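K.L.:
attaching a predicted model along with its sequence, questions to come.
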Amino acid sequence: MKRIDLHNHTTRCNHAEGSVDEYVKKAILEEIDIFGFSDHAPMNFDTRYRMSFDEMDAYENDIKNAKEKYANKIEILLGYEVDYLPGYMDERVLNANVDYLIGSVHFIDKWGFDNPEFIGRYEGADIDAIWQEYFDTIEAMAKTGYFNIVGHLDLIKVFGYKPKTPIKDLAKNAIKEIKKASMAIEINTSGLRKPVKEIYPSFELLEMVLEENIDITFSSDAHSPEQVGFMLKETVEEIKKLGFNEAIYFEKRKKHKVKI
């Protein structure tokens, strides 16, 4: 049995705190076996919330150095969280020599829907239409074949705006494309720290993931050392009750399965 946490940030994204060492030490304290850094990849959009292209080498070296330093205590992996935004994704990121890429949707037609600065756009909007557009974007992301892991599959629920249409109907095509792409879906506990107070994805969507036999992995999506491993032990137990017994991680883009 191994404990996995693959989605964690560094100060290079400009909205996280703590040193790489502090994150790793907290992961060791939390008895995490496989710990991944996947900071926000650079792109020429929304640059305040991500590293610059000039920082990629330094970021990758930081994580590789930590991997060597703590080799006897924990396995450290290197990745990026990449925003799926057509026209802004960059080959330097997509072809980076890393263990994995997390593909995330944070923008619907350049609207940063999970940013509290822009929450006002939900008021008076057709919530069902927003959810469908979100999952259509997830579907398009999966079709690219660029990414290994889907980040926070139902992030669109972050502020608690829920659709009237059954979520399974809205997500069904996206789930099919994720399966075709052989991507994994992360079970991300950061939603428990957000207004929605739920993990990503919901148990409803996880039923579909299980039915389709799609691989899962785990993440705390930490933006500070204190958040590393947040609610992971409890979440793993809940996930096992649903019927999952394996999780995956990636090394050099190759998938490895472990018991949970």
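P.N.:
Perfect, I can see it now. Numbering: from 1, shown residues only.

K.L.:
residue contacts, the residue nearest the centre of the chain?
P.N.:
Of all residues in the chain, the one closest to the mean position by C-alpha atoms, centre = their mean is G151, 2.9 Å from it. Residues near G151 by C-beta atoms under 8 Å, 6 or more residues apart in numbering: H7, E81, I102, G103, S104, V105, E186, N188. The C-beta positions use only the backbone N, C-alpha and C, and glycine is treated the same way.

K.L.:
and the gap between the closest residue to it other than its chain neighbours and D62?
P.N.:
Leaving aside its sequence neighbours, G151 sits nearest to S104 (C-beta to C-beta, 6 or more residues apart in numbering; 3.4 Å). Distance, S104 to D62, using C-beta to C-beta, to the nearest Å: 21 Å.

K.L.:
of the two, who's got more company?
P.N.:
Neighbour totals were compared for S104 and D62, and S104 leads with 28 against 19 (other C-beta atoms under 10 Å).

K.L.:
what's opposite the more buried one in the beta bridge?
P.N.:
Residues in a beta bridge with S104, per DSSP bridges, are D83.

K.L.:
surely it is in contact with I149?
P.N.:
No - S104 is beyond contact range of I149, at 9.1 Å (criterion: C-beta atoms under 8 Å).

K.L.:
quick one: the helices in the protein?
P.N.:
Taking DSSP state H, the helices of the chain run over residues 20-29, 56-69, 91-94, 127-144, 167-180, 203-211, 232-242.

K.L.:
the first one - contacts with which helices or strands?
P.N.:
This means helix 20-29. Where contact means 3 or more C-beta pairs under 8 Å, 6 or more residues apart in numbering; DSSP states H and E, helix 20-29 is packed against strand 34-40, helix 56-69.

K.L.:
ok, 10 Å please
P.N.:
In terms of contacts (3 or more C-beta pairs under 10 Å, 6 or more residues apart in numbering; DSSP states H and E), helix 20-29 is packed against strand 4-5, strand 34-40, helix 56-69, strand 75-83.
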